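Engineer: Got a sequence here, can you model it:
(one chain, ligands or ions: 2)
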Amino acid sequence: MAPPTVLVTGGAGYIGSHTVLEMLNAGYNVICVDNLCNAYSGGASKLPEALSRVQEITGKKIHFYRVDITDREQVRSVFQEHKIDMVAHFAALKAVGESCRIPLQYYHNNMTGTNVLLEAMADNNVFKFVYSSSATVYGEPQFLPVTEEHPTGNCTSPYGKTKYFTEEILKDLCKSDKRWAVVSLRYFNPVGAHISGRIGEDPNGEPNNLMPYIAQVAVGRRPKLSVYGSDFPTKDGTGVRDYIHIVDLAEGHVKALDKLRNIAETGFFAYNLGTGVGCSVLELVHAFERASGQKVTYELVDRRAGDVATCYADAKLAEQALGWKATRGIDKMCEDTWRWQSQNPNGYAQK
Ligand SMILES: NC(=O)c1ccc[n+]([C@@H]2O[C@H](COP(=O)([O-])OP(=O)(O)OC[C@H]3O[C@@H](n4cnc5c(N)ncnc54)[C@H](O)[C@@H]3O)[C@@H](O)[C@H]2O)c1
Ligand SMILES: CC(=O)N[C@H]1[C@@H](OP(=O)(O)OP(=O)(O)OC[C@H]2O[C@@H](n3ccc(=O)[nH]c3=O)[C@H](O)[C@@H]2O)O[C@H](CO)[C@H](O)[C@@H]1O
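Structural biologist: Ligands and ions are numbered 1, 2, ... in the order given. Sure thing, here's the model as predicted:
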């Protein structure tokens, strides 16, 4: 029997490219769509640079289409071109601060895009869906570690609300039509890079997130890191998060696809993808200095609007239901990030 074909939206992005790599290694066929609004196009070659390197690493072929998922005709054409068995949906805008400045663009891109995709799936009898959700749907945690039973919806940004609203749409869809089987993966803080150092996180412009900012300071692209807040009720006053290695995260997606592939069970399932370990900003800075041998200059500044003090996962349900558990620790996350950043000081732009 032919291996299943997975349509991956946003496959040229940070998490998408790492997950495509693990899907190919697990024997899935992969079709990628991406509008490259936040991915390096790689110039003349048909494939975006990140996917070209994934092909190089795996020796496997990727079908790529430059498609905007808000464009109904473009999306439909992909379903007409290929027999698709499942969809893994990464495509979204994801900068928390930017979403507060341009909420309508976020609601259009993330919500309309997802609805167009879901309609095309239903029209083509495709009902197996893995969704990129986020711990941000939990808002300020009311208890720790955060379990999947924690209330959702108290989001601190339009970005977070697009994740929460989409989960609610998916729950209603599953209630209305028993053919839908949906796994919503709530990522905590994905960081790191594939061990090859050939693919990694390459944000456009100034990084919003901590790890890429630290890496760019270490490699000399930025003068110093601003540490947002040193008066939180945490071990050293700085924000505490659950950093999870991108390859652990990618492997979690393969487990979710395996579950959807093999089960007769349908409905909506949400799982936390985290390590269960909290790590502060300063702990991450010091771990990165040890891994890279580079000094990371930083300055303690005021808190960033919308930041919670502490957030880390209870990931037991994913272990029970998916047979998945994160295995890589903070030092490995820093080592692998440094290998990527030091080999690609300017990200994908530099061959
Ligand atoms: N990185 C994180 O910390 C994090 C945490 C939780 C959830 N997520 C979610 O995971 C997913 C991937 O995140 P990432 O960090 O890889 O981001 P990313 O920006 O690297 O990847 C997203 C990809 O989607 C593409 N895209 C965006 N809008 C599109 C559209 N309308 N049509 C087609 N392609 C489009 C972008 O070009 C990009 O390649 C997102 O849904 C994000 O919200 C990310
Ligand atoms: C718990 C939670 O909701 N996590 C989500 C949130 O990540 P976070 O906002 O938790 O990720 P981040 O990397 O932006 O911040 C992590 C920590 O580093 C601090 N920091 C960050 C950058 C910097 O230059 N200096 C600094 O000090 C920040 O205050 C926080 O304490 O948003 C991400 C998208 O962006 C993802 O959706 C994450 O799932």
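
Engineer: so residue 89 touches residue 9, yeah?
Structural biologist: Yes: shown here, residue 89 and residue 9 form a contact pair, counting by C-beta atoms under 8 Å, at 5.0 Å. Heads up, the C-betas are built off the backbone N, CA and C, glycines and all.

Engineer: any shared contact partners between these two?
Structural biologist: The contact sets of residue 89 and residue 9 overlap at residue 117 (C-beta atoms under 8 Å, 6 or more residues apart in numbering).

Engineer: contact partners of stretch 157-171?
Structural biologist: For stretch 157-171, contacts defined as C-beta under 8 Å, 6+ apart pick out 92-100, 103, 106-107, 110-111, 114-115, 118, 129, 131, 133-134, 136-137, 139, 152-153, 155, 180, 182, 184, 268, 270, 306.

Engineer: now, which of those residues lie close to ligand 2?
Structural biologist: 94, 96, 134, 136 (C-beta under 6 Å from any ligand atom).

Engineer: Of those, which are in range of ligand 1?
Structural biologist: Okay, of those touching ligand 1 (C-beta under 6 Å from any ligand atom), that's 94, 134.

Engineer: Now do the same contact list for the residue in the stretch 201-350 of the chain that ligand 2 sits nearest to.
Structural biologist: Residue nearest to ligand 2 within the stretch 201-350 of the chain: residue 239 (2.2 Å; C-beta to the nearest ligand atom). Applying C-beta under 8 Å, 6+ apart, one finds that residue 239 lies in contact with 228, 229, 232, 280, 281, 307, 308, 309, 310.

Engineer: go on, residue 224?
Structural biologist: For residue 224, the contact set (C-beta under 8 Å, 6+ apart) comprises 217, 297, 298, 299.

Engineer: Return the subset of these lying in helices.
Structural biologist: Residues of the contacts of residue 224 located in helices (DSSP state H): residue 217.

Engineer: Mind giving me the ChimeraX select for the contacts of residue 224, buried ones only?
Structural biologist: Here is the ChimeraX command that selects the buried residues among the contacts of residue 224 (16 or more other C-beta atoms under 10 Å):
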select :217,298
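
Engineer: which strands and helices sit next to the helix-or-strand element of the chain with minimal mean pLDDT?
Structural biologist: Taking mean pLDDT, DSSP states H and E as the measure, the helix or strand of the chain with the lowest value is helix 96-101, at a mean of 90. Helix 96-101 sits against helix 158-176, with contacts defined as 3 or more C-beta pairs under 8 Å, 6 or more residues apart in numbering; DSSP states H and E.

Engineer: Just give me how far the helix it packs on sits from the chain centre.
Structural biologist: In terms of C-alpha atoms, centre = their mean, to the nearest Å, the centre of helix 158-176 is found 17 Å from the chain centre.

Engineer: In it, which residues are buried?
Structural biologist: Residues of helix 158-176 classed as buried by neighbour count (16+ other C-beta under 10 Å): 158-167, 170-171, 173-174.

Engineer: What residues does the chain have near ligand 1?
Structural biologist: 9-10, 12-16, 34-39, 68-70, 90-94, 109, 113, 132, 134, 187, 189-190, 209.

Engineer: of those, buried ones?
Structural biologist: Among these, those classed as buried by 16+ other C-beta under 10 Å are 9-10, 12-16, 34-35, 38-39, 68-70, 90-94, 109, 113, 132, 134, 187, 189-190, 209.

Engineer: Out of those residues, which sit inside helices?
Structural biologist: Among those, the residues falling in helices (DSSP H) are 14, 15, 16, 113.

Engineer: now that we're looking at the second one, which residues does it contact?
Structural biologist: By C-beta under 8 Å, 6+ apart, the contact list for residue 15 reads 90, 132, 187, 190, 246, 249, 250.

Engineer: how about the residues you listed in JSON lines, adding pLDDT?
Structural biologist: Shown next, in JSON lines, are the contacts of residue 15 (pLDDT from 0 to 100):
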{"residue": "90", "pLDDT": "98"}
{"residue": "132", "pLDDT": "98"}
{"residue": "187", "pLDDT": "98"}
{"residue": "190", "pLDDT": "98"}
{"residue": "246", "pLDDT": "98"}
{"residue": "249", "pLDDT": "98"}
{"residue": "250", "pLDDT": "98"}
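
Engineer: nearest to residue 199, of those residues?
Structural biologist: Nearest to residue 199 among the contacts of residue 15 is residue 246, at 9.1 Å by C-beta to C-beta.

Engineer: ok, that closest one to residue 178 distance?
Structural biologist: Computed as C-beta to C-beta, to the nearest Å, the residue 246 to residue 178 distance reads 34 Å.

Engineer: more neighbours, those two?
Structural biologist: Neighbour count, other C-beta atoms under 10 Å: between residue 246 and residue 178, residue 246 has more, with 28 against 10.

Engineer: Residue of the stretch 251-351 of the chain nearest ligand 1, please.
Structural biologist: Ligand 1 sits closest to residue 273 of the stretch 251-351 of the chain, with a gap of 8.8 Å, by C-beta to the nearest ligand atom.
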